[in-house]
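Enquirer: Any chance you could fold what I've pasted below:
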Amino acid sequence: MEGALIARDKVGVQDFVLLDSHTSEAAFLNNLRKRYQENLIYTYIGSLLVSVNPYQELDIYTVSQMQLYRGVNFFELPPHLYAIADNAYRVMCNEYNNHFILISGESGAGKTEASKKILQYYAVTCPTTEQLQTVRDRLLLSNPVLEAFGNAKTLRNDNSSRFGKYMDIQFDFKGAPVGGHILSYLIEKSRVVHQNHGERNFHIFYQLLEGGDKDLLCWLGLERNPQKYTYLIQGRCAKVFSINDKNDWKIVRKAFSIIDFTEKDLEHLFGIVASVLHLGNIQFEEDSNGHAIIRDGSQIKWISKLLGAHLSILQEALTHRKIEARSEEVLSPLNVDLAFYARDAVAKAIYGRTFTWLVNKINGSLANKVGFLSGVLNKTVIGLLDIYGFEVLDTNSFEQFCINYCNEKLQQLLIEMTLKAEQEEYELEGIEWEPIPYFNNKIICDLVEQKHKGIISILDEECLRPGEATDLSFLEKLEEKVGDHAHFVTRKLADQKTRKSIDWVDFRLLHYAGEVTYCAFYLLLDCFLLSELDNRRRPETVATQFKNSLTSLIEILMSKEPSYIRCIKPNENKEPGKFDDFLIRHQVKYLGLMEHLRVRRAGFAYRRKYELFLQRYKCLCPATWPNWHGPAAEGVERLIKHIGYKPEEYKLGRTKIFIRFPKTLFATEDAFEYRKHLSTWGCWGPRRWQLHPEHSQSFSRGSFTLARRAAKKRTWAVQTIRKFINGFINRKKPLCEENRDFVRLSQYHYLMRLRDHLPKNVLDKSWLQPPSILEEAVPSPIQLQQKVVTSAVFSGKKEGYLESLSQPFLETRLSECSKPLEASYVTPVVKYDRNGFKARERLLVLTQSSAYVVEMAKIKQKIEYSTLKGAGVMPGDFIPLFFCFQGDVILQCEHIFETVTKLCILANKQSLVKVVKGSLRFRVGSGKEGTMVFTVGPEPQVFKDKTGQLTVVRPQLSPGKQIDLREFQQLGPLPQGGLGGQADIKEDGDLVFHPKSSSSHTAHEDIELQASNKVTHM
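Expert: Down below sits the predicted model:
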């Protein structure tokens, strides 16, 4: 983070805590604007992350970015979501405690995307197994399902979450994700029956109609056109250009299969969704008595079929109200208006309960079955809370009341936990704690939730008392019980100026983020569902249920370590690069960012561990450069005294240095950047970096030389350690570049120990047991026997023979499947057809009696060893190597020495192998012969030429290339005394040799030999 301070004039500071004018809202916005214009959408306030929605794809969420932030110190890299996620994960793994990440902001600010990115980060970076892969997939794919049923298009956002979600991701003791659990809060049920202009219902309705197949829609009684359904057309935007409902349906269907929904589950689920659409199309008419009746029964018949409810019971529920008095039940008919209200109430209740069932079903799929089955139940969790931000609309109803109450509680939690963390750090570091003044919004929380006196309690009483509740009677109760509260105002209680802005049925609360006016009528309307009335016991209202859920959530969060992400929407039009000052100022206020910054800056702006601070700034003091060999705390103290820190600018804790003012850190960082571009030592003056004339350039160069030497030594040490660790990991593989040094070191240590533990006499068999890697390196008798056969066949006759000696022969060359039980040897080959010489990949399988050419599991050709009359081999390392068997089989094989040796031993026909030259004749069929010709060319290839011959081309040596003469010992007889030195390849392909000085050649004598395609005969 410190490295970015040098560019602060252009891109601002990465941490708002480092703002000089930390109390200035204008300075806050200016810093946010600078960063946003450079596509730097993330900024810290201490450990809190502020995120501004870019409304465009940025290349900052790649797998390489994930790996970059993995396991890195929190402030070491620029601010990012991944830094928050990784810090929570590392602390959880190291300290075995639980964490939560709170993501908040208004609709369209990017909360849902932020939670997705964090889940993806854990999916990619956390350790996992094949068994746990399913859990990881289910965690990721639970998102599209919940979005389909809980998200909708609004005026602010095309994919707005209309519910609050808290997800616990469960990890085992190794840090691998093993399960999850989801809690949902306050699904916006009113959206099912009503949408504002320009908004849509929940996505699932449109996805089902657009993507569902014809048979499914027919079974549900639905038509593909959304204009046919009352609940889908109120917003007048059933089709949205930016939303692909058909493609989203495919994703949701795939997610259902991964999350373990059965076809029966989906049949019931889609049946309920369809029944809601049919409910919306039910129309009521008035009979002669003024009562509501349903004349067209087509829709209610579909609902009866899909829900499995009796038709008469459904009709009665929609047109009558049941009143219980003691032991009697009385049915009271509804008028048309009440019938429509009852219909909508039933639709909302059905959808709300369905969403709860859906969340519970997903939780069953995410349950930690792995730990339960294995008996390992110890786990830690990281919670993700994606919650709605503070809302102020033109008309604020019950939902806005609950949302803003929730934000009051979360703001209270944020300030309390921030202050608690600050105080704990001060006490841990031995620095005196100074009380920080701040606005405690507990007074507002009590106004809403206090028992018997709070607004929710008064709302409950008004809903449940005998008689009909009205908005005016509710307001009278509020004025009577909380009218003297400083944060509560009605039209009756307001002063002359304020009264004009409050309606007679409204009341106003002064929240921490600002004033919000609520409509009492809508609070009463949505707080209680008539369908849930039960006179036998006092029911809970929706408000009380939400308060209890919120209290439970706060208790869960209080038991965990917090991280915070505040999301900001830069403009209303979703335009990239547009920064709306008025809109953002509004959100900064409602998110409580200035209050949080003020609390965070009340003490020290910057704190860092001694080791990290000294590592960065040690070059500013001769005593600490290039290395400080004492305690880090003493090195930092020596450093800051040399620089010239004043006592009021810093405090030294037990493990950290605390710097009070950002300007002190800025000056230190500027000095560091200046120092990097100088070759002479300097010191810290009152306002600038000044040079010391007494320090010579030679002293500086010597110091930097020592530093470079030390850095080089450390690099060598790291590379050496890494090399031997890699060798240990690959120690069981055949000798290769990855494990060669480790095997040689093991050999050395074994031989050195063996030197001191030799047997006492020749009869003593108590030899020191070698390591397993050395036992495998000793050739077996079978290997030695095979190498003897290879020597008899190829020694002095075939290029590459000497290089093959150190390569052990294997029993199979298959890489992906095991060797067949009856096979003695298996290797991949390329077979060339007799007609057309077309290349086909095959396997050559050698058994005790026969050779088989196999395609997959099908035997294409069998060759009895008794019929084998010969095999030809073409020398050279740059062309395909062939075998020719009686029966016209032409094969290309990579491991020529190994394969021919195995064949010779199994067939017992070593004398039949010939190393051929120039060309080779073979039989194509009965009475017909073909020719295979060997030649040279610019690149290796195998083809059928114009004369019908199979031509094999080996690469021609490049002109001008210098080669070692030992590679050409097999080209022909050498001049007397042999040749040493090197040779050049001429344009015409001839070799010009430059021999060493000898008795028969001078040092300046050149000998020319024609490079031909001659090969050795056998």
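Enquirer: Name the residues of stretch 338-348 that come out as buried.
Expert: Under the neighbour-count criterion of 16 or more other CB atoms under 10 Å, stretch 338-348 has 338-340, 342-348 buried. Glycine gets a C-beta too; all of them are placed from N, C-alpha and C.
Enquirer: from the residues you listed, which is closest to Tyr229?
Expert: Proximity of those to Tyr229 (CB to CB) peaks at Ala347, which lies at 11.6 Å.
Enquirer: coming back round to it: tell me which entries of the buried residues of stretch 338-348 lie within helices.
Expert: 338-340, 342-348 (DSSP state H).
Enquirer: need those residues in TSV with pLDDT and distance to Phe521, can you?
Expert: Compiled in TSV, these are given as follows (pLDDT from 0 to 100; distance: CB to CB, whole Å):
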residue	pLDDT	distance to Phe521
Leu338	88	16
Ala339	91	20
Phe340	91	17
Ala342	89	19
Arg343	91	20
Asp344	91	16
Ala345	88	16
Val346	91	22
Ala347	93	21
Lys348	91	18
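Enquirer: would you list those residues in CSV and tack on distance to Glu648?
Expert: Formatted as CSV, these follow (distance: CB to CB, whole Å):
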residue, distance to Glu648
Leu338, 72
Ala339, 75
Phe340, 71
Ala342, 71
Arg343, 71
Asp344, 66
Ala345, 65
Val346, 69
Ala347, 66
Lys348, 62
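Enquirer: secondary structure class for Phe943?
Expert: Per DSSP: H, G, I helix; E, B strand; the rest coil, the secondary structure class of Phe943 is strand.
Enquirer: Quick one, grab the pLDDT at it.
Expert: Turning to Phe943, the model gives it a pLDDT of 80.
Enquirer: I'd assumed Gln949 was in contact with it.
Expert: No: using CB atoms under 8 Å as the test, Phe943 is too far from Gln949 to be in contact (9.7 Å).
Enquirer: More neighbours: which of those two?
Expert: For Phe943 versus Gln949, neighbours defined as other CB atoms under 10 Å are more numerous around Gln949 (15 against 11).
Enquirer: Please look at the more buried one and Val933 and confirm they touch.
Expert: Yes: Gln949 lies in contact with Val933 (CB under 8 Å); the separation is 5.2 Å.
Enquirer: Tell me the backbone dihedrals of Gln783, please.
Expert: Per-residue torsions, Gln783: phi -60, psi -40 (degrees, to the nearest 10).
Enquirer: Number of residues surrounding it?
Expert: Residues lying near Gln783 (other CB under 10 Å) number 12.
Enquirer: Please apply the same query to Asn31.
Expert: The local packing of Asn31 (other CB under 10 Å) involves 23 other residues.
Enquirer: Assumed it was part of a strand.
Expert: No: assigned with three-state DSSP, Asn31 falls outside any strand and is helix.
Enquirer: What are the buried residues along stretch 608-615?
Expert: For stretch 608-615, the neighbour count (16+ other CB under 10 Å) marks 608-614 as buried.
Enquirer: same thing with stretch 103-123?
Expert: By neighbour count on 16+ other CB under 10 Å, the buried set for stretch 103-123 is 103-123.
Enquirer: Same check on stretch 914-931?
Expert: The neighbour-count check on stretch 914-931 (16+ other CB under 10 Å) flags 914-917, 920, 922, 930 as buried.
Enquirer: Could you export those residues as JSON lines, including distance to Phe666, pLDDT and secondary structure?
Expert: Formatted as JSON lines, the buried residues of stretch 914-931 follow (distance: CB to CB, whole Å; pLDDT from 0 to 100; DSSP: H, G, I helix; E, B strand; the rest coil):
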{"residue": "Lys914", "distance to Phe666": "83", "pLDDT": "78", "secondary structure": "strand"}
{"residue": "Val915", "distance to Phe666": "78", "pLDDT": "77", "secondary structure": "strand"}
{"residue": "Val916", "distance to Phe666": "80", "pLDDT": "75", "secondary structure": "coil"}
{"residue": "Lys917", "distance to Phe666": "80", "pLDDT": "71", "secondary structure": "coil"}
{"residue": "Leu920", "distance to Phe666": "81", "pLDDT": "77", "secondary structure": "strand"}
{"residue": "Phe922", "distance to Phe666": "83", "pLDDT": "74", "secondary structure": "strand"}
{"residue": "Gly930", "distance to Phe666": "84", "pLDDT": "79", "secondary structure": "strand"}
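Enquirer: Out of those, which comes closest to Ile659?
Expert: Val915 (79.6 Å).
Enquirer: I'd guessed the closest one sits against Lys797; true?
Expert: Yes: between Val915 and Lys797 a contact is recorded at 4.7 Å, counting by CB under 8 Å.
Enquirer: Which one of the ones in helices among the buried residues of stretch 338-348 is nearest to Ile282?
Expert: Of all these, Ile282 sits closest to Arg343, with 5.8 Å by CB to CB.
Enquirer: I'd like the distance between the closest one and Ile294.
Expert: Relative to Ile294, Arg343 is positioned 10 Å away (CB to CB, to the nearest Å).
Enquirer: overlap in contacts of these two?
Expert: Residues touching both Arg343 and Ile294 by CB atoms under 8 Å, 6 or more residues apart in numbering: 282, 284, 318.
Enquirer: For those residues, could you give me a markdown table that also reports distance to Leu509, secondary structure and neighbour count?
Expert: Converted to a markdown table, the shared contacts of Arg343 and Ile294 look like this (distance: CB to CB, whole Å; DSSP: H, G, I helix; E, B strand; the rest coil; neighbours: other CB atoms under 10 Å):
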| residue | distance to Leu509 | secondary structure | neighbour count |
| --- | --- | --- | --- |
| Ile282 | 38 | coil | 22 |
| Phe284 | 38 | coil | 20 |
| Leu318 | 37 | helix | 21 |
